[in-house]
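In: Whatever this is, show me its structure:
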Amino acid sequence: MFPSNEWLRKKIESDPDEPEGCPACGAIAGACSNYPNCPGGQMSYSFSVKGATKADAVTAANVEFDKVLVAQPVHSLDMEAAKTATAAFTNLLADDDKCHTVLSVNGSVYVPTEGPRQVSISISAGLDAPRK
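Out: Alright, predicted model coming up:
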């Protein structure tokens with residue numbers, strides 16, 4: 001069973017320490033592009049990170065994913081899959097201690113009612129110019 005918009009509304013109302021969020025999608029006010037008139041739970045994110053190693057880049061990406069989850073709780077539906085896919089793509093890269101690892105991740109989820117109707121992720125993983 002997937003959380004509905006009603007579940008997100010109740011979560012926001014039940015935790016007074018959390019910032020007020022969009023009642024339709026659960027995003028923190030300001031993170032939802034349609035706040036306060038959001039038609040439903042469609043949220044997206046985009047970030048890029050760089051690490052000295054592949055592991056460092058994945059760790060940095062996981063920090064960014066956690067920030068997305070705080071701002072856009074609807075991503076609790078796809079976050080573990082997104083983290084797993086990002087790590088898997090990163091691990092496909094050659095092991096080269098002379099280069100930085102650069103990741104660029106974009107994702108979205110659309111949950112108008114009970115359960116997602118669309119999920120998307122785009123992952124770019126690459127080795128950058130040699131470290132100096």
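In: and residue 94, which of the three is it?
Out: Assigned with DSSP: H, G, I helix; E, B strand; the rest coil, residue 94 falls in the coil class.
In: hang on, it packs against residue 127?
Out: Yes: counting by Cβ atoms under 8 Å, residue 94 does reach residue 127; the two are 6.8 Å apart. All C-beta atoms are positioned from the backbone trio N, CA, C, and that covers glycine.
In: more crowded one of these two?
Out: residue 127 (16 against 7; other Cβ atoms under 10 Å).
In: which one is the more buried one nearest to, not counting chain neighbours?
Out: In space, and not counting its chain neighbours, residue 127 is closest to residue 99: 4.0 Å by Cβ to Cβ, 6 or more residues apart in numbering.
In: what's downstream of the helix ranked longest in the chain, the next helix or strand?
Out: Scanning the chain for the longest helix, with DSSP state H as the assignment, gives helix 54-71. Tracing the chain past helix 54-71, the next element assigned as helix or strand by DSSP states H and E is helix 79-91.
In: Which residues outside that next one are in contact with it?
Out: 54, 57-58, 61-62, 65, 68-69, 75, 101, 103, 105, 107, 119, 121, 123, 125 (Cβ atoms under 8 Å, 6 or more residues apart in numbering).
In: and stretch 46-55, which residues are buried?
Out: Within stretch 46-55, the residues scored as buried using 16 or more other Cβ atoms under 10 Å are 47, 49, 51, 54.
In: can you check stretch 73-85 too?
Out: Here stretch 73-85 shows 73, 74, 75, 77, 78, 79, 82, 83 as buried, counting by 16+ other Cβ under 10 Å.
In: okay, the angle between the longest helix of the chain and helix 79-91?
Out: Put simply, helix 54-71 runs at 160 degrees to helix 79-91, going by axes from the mean of the first three to the mean of the last three Cα atoms, to 10 degrees.
In: so where's the chain uncertain?
Out: For the chain, the stretches with pLDDT under 70 are 1-42, 111-116, 131.
In: Mind doing that once more with 90?
Out: Applying pLDDT under 90 to the chain flags the ranges 1-44, 68-78, 97, 108-120, 129-132.
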